[in-house]
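Coordinates for the following, if possible.
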Amino acid sequence: MQVKKSQMKFNRPIEVTIVLVFFVALFFKINYRVALACSCMRPLPPLEEKERATAVFAGQVISKEQNESQIEVNFRVQTIWKGELGDTVTIATGLHSAACGINFNLRETYLVYAFGNNTQLRTNSCSRTQLLSRAKDDLRTLESLPDRTQMNVLNNTTWELERLNDQKVLPNTNITASFNNGKITGTASCNLYNGTYRQKGNAIRFVGFATTRMSCERLILQQESNYLKALSAAYSFKIDRDRLTIDYYDGKNEGILVYHYKKD
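Purely as a prediction, here's the structure:
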């Protein structure tokens, strides 16, 4: 028994030490996790964030690649409010939310505020970068800004539709769009149509469509309906040489209308 008591007296300091080591380790583990958490200031208002950013654009995620330090997200650019960008651009972000990274989803469209330089643009969850469908306040502000590169560029031009998303125009049908002083006219597959448009920079809205009432084959009328619905949901456009691209989003589906320039 005496041996056991001495062993108990000898082991008690060891037990206390083990407990202390456990709590110290737990303390540092907790603080380590806290240190890893992303900490942000409140995002600046849209105009101030735009001035601070290197590039501001709307784009669809087409691919992602991850390495040891970051995720590189490739976007198909749709609308540019700031910066010199091509048809596609790569934006880096953190590996996870604790590193202020953004979990970009494939095929989703985002409003991106990017920082850095042309060789390495980055964004993070501390910026105003977000899904385009949730960026109504930002779009309202950005669309009010003049874009001299696109002002009045549509006026007195006529375009012929090549495809609606991945669907080419049906054979022996014709879809056109002529722009003239705030009015749009053209053929919609079977019927003639007209309406008005409002343009501010790259932003565009079509309203007040009216059509003739000719009867055509079911597939042609379906193409016409799809075209006019897409045009009614348009929010931005871009001209690249002899191509006009109009982006649309109807609250559920998003897509593009691609035209080529039609000479008189």
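
How confident was the prediction at Leu170?
Looking at Leu170, its pLDDT is 96.

how about the residue nearest to it when sequence neighbours are not counted, what does it touch?
Using Cβ to Cβ, 6 or more residues apart in numbering and skipping the chain neighbours, the partner closest in space to Leu170 is Gln223 (5.6 Å). In this view, the C-beta of every residue, glycine as well, is placed from N, C-alpha and C. By Cβ atoms under 8 Å, 6 or more residues apart in numbering, the residues touching Gln223 are 164, 169-170, 173, 175, 189.

Would you check which pair of those residues lies furthest apart?
Leu164 and Thr173 (11.7 Å; Cβ to Cβ).

which of the two has more neighbours?
Legend: neighbour count by other Cβ atoms under 10 Å for Leu164 and Thr173, higher for Leu164 (21 against 17).

Tell me how far the more buried one lies from Ala188.
11 Å (Cβ to Cβ, to the nearest Å).

now the helices: where do they sit in the stretch 151-264 of the chain?
218-232 (DSSP state H, counting those that start in this stretch).

And the strands in it?
157-164, 167-168, 174-180, 183-189, 192-200, 203-211, 234-240, 243-249, 254-261 (DSSP state E, counting those that start in this stretch).

any residues touching the last one, and which ones?
This means strand 254-261. 60, 78, 109, 157-165, 177, 227, 230-231, 234, 242-248.

Alpha carbons of that strand, as PDB, please.
Extracted C-alpha coordinates of strand 254-261, given in PDB (Å, rounded to 0.1, in the frame of the first residue of the first chain):
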ATOM      1  CA  GLU A 254     -30.100  33.500 -68.600                       C
ATOM      2  CA  GLY A 255     -28.600  33.500 -72.100                       C
ATOM      3  CA  ILE A 256     -27.400  35.400 -75.100                       C
ATOM      4  CA  LEU A 257     -28.700  36.600 -78.500                       C
ATOM      5  CA  VAL A 258     -25.900  36.700 -81.100                       C
ATOM      6  CA  TYR A 259     -26.400  38.800 -84.300                       C
ATOM      7  CA  HIS A 260     -24.200  39.800 -87.200                       C
ATOM      8  CA  TYR A 261     -24.300  43.200 -88.800                       C
END
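
Just give the strands next to that strand in its sheet, each with its orientation.
strand 157-164 (antiparallel), strand 243-249 (antiparallel) (DSSP bridges).

just the strands in the stretch 1-150 of the chain please.
For the stretch 1-150 of the chain, the strands defined by DSSP E, counting those that start in this stretch occupy 55-66, 71-82, 88-93, 109-117, 120-122, 130-131.
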